[in-house]
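Asks: got a structure for you, letters missing:
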């Protein structure tokens, strides 16, 4: 029995942890959950952690007083940091912490940027699309009008700004922290895949970004994560 147990919500950011575990090649137990009719996580996740959101990684042995018990870790960035410190001791998927090293600064920046700046606008877009989708027929035209205004005034600009920064970075680097694939690429991949959903990104404007995404999706660990946790759909 593995010391790691990932509670994975399908079509969610917890895919990143599943992918990372495959990259690390460490044994783990996987439990997958489907979203409910409201596109939310099921209540059963609250039994694992009161926040009730995925990813949740249960780790056995973190409590020295109760070594047979499991501790539930939440938040993608926190879980990734734990897995890097515990299992990536040869620094194959993250640089050594060194404030004077450009690769570490880039790695640390993108690890934070993914959730702090890149994802909020896409989450807002998803929320407003669900509001319109679930609005009664009489209210739907009003909901669509509000969504259109918010999209034009806030969402599109913020998403485009993030994509331009991503394209600029990847036009001069193979990966986000330089020439080598790291956990920062896993952290940023969800944003890029979400932004590329639907009609898809402009292949001319975002050539470097889309080429990077193909390299990520071609990795054996990515394919293994898809096979176990389901294909990402937005």
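Replies: Thanks, I have it. This structure is a prediction, so every number in the text was calculated from the model and none was measured.
Asks: just the helices in this structure please.
Replies: Secondary structure of the chain by DSSP state H: the helices cover 15-24, 76-87, 102-113, 119-134, 140-150, 156-170, 183-195, 207-217, 220-229.
Asks: which segments of the protein make up each domain?
Replies: The chain breaks down by the TED database into domains covering 4-89, 101-219.
Asks: packing partners of the helix or strand of the chain with the lowest mean pLDDT?
Replies: Least confident helix or strand of the chain, by mean pLDDT, DSSP states H and E, is helix 119-134 with a mean of 85. Contacts defined by 3 or more Cβ pairs under 8 Å, 6 or more residues apart in numbering; DSSP states H and E place helix 119-134 against helix 140-150, helix 156-170, helix 183-195. Every C-beta, even on glycine, is put in place using the N, C-alpha and C of the backbone.
Asks: give me whichever of the ones you listed is most buried.
Replies: Among the helices and strands packed on helix 119-134, helix 183-195 has the highest mean neighbour count (mean count of other Cβ atoms under 10 Å), at a mean of 24.
Asks: show me the one of the helices of the chain that comes nearest residue 177.
Replies: Of all these, it is helix 102-113 that lies closest to residue 177, at 4.0 Å by Cβ to Cβ.
Asks: buried stuff in the closest one?
Replies: 103, 104, 106, 107, 108, 110, 111, 113 (16 or more other Cβ atoms under 10 Å).
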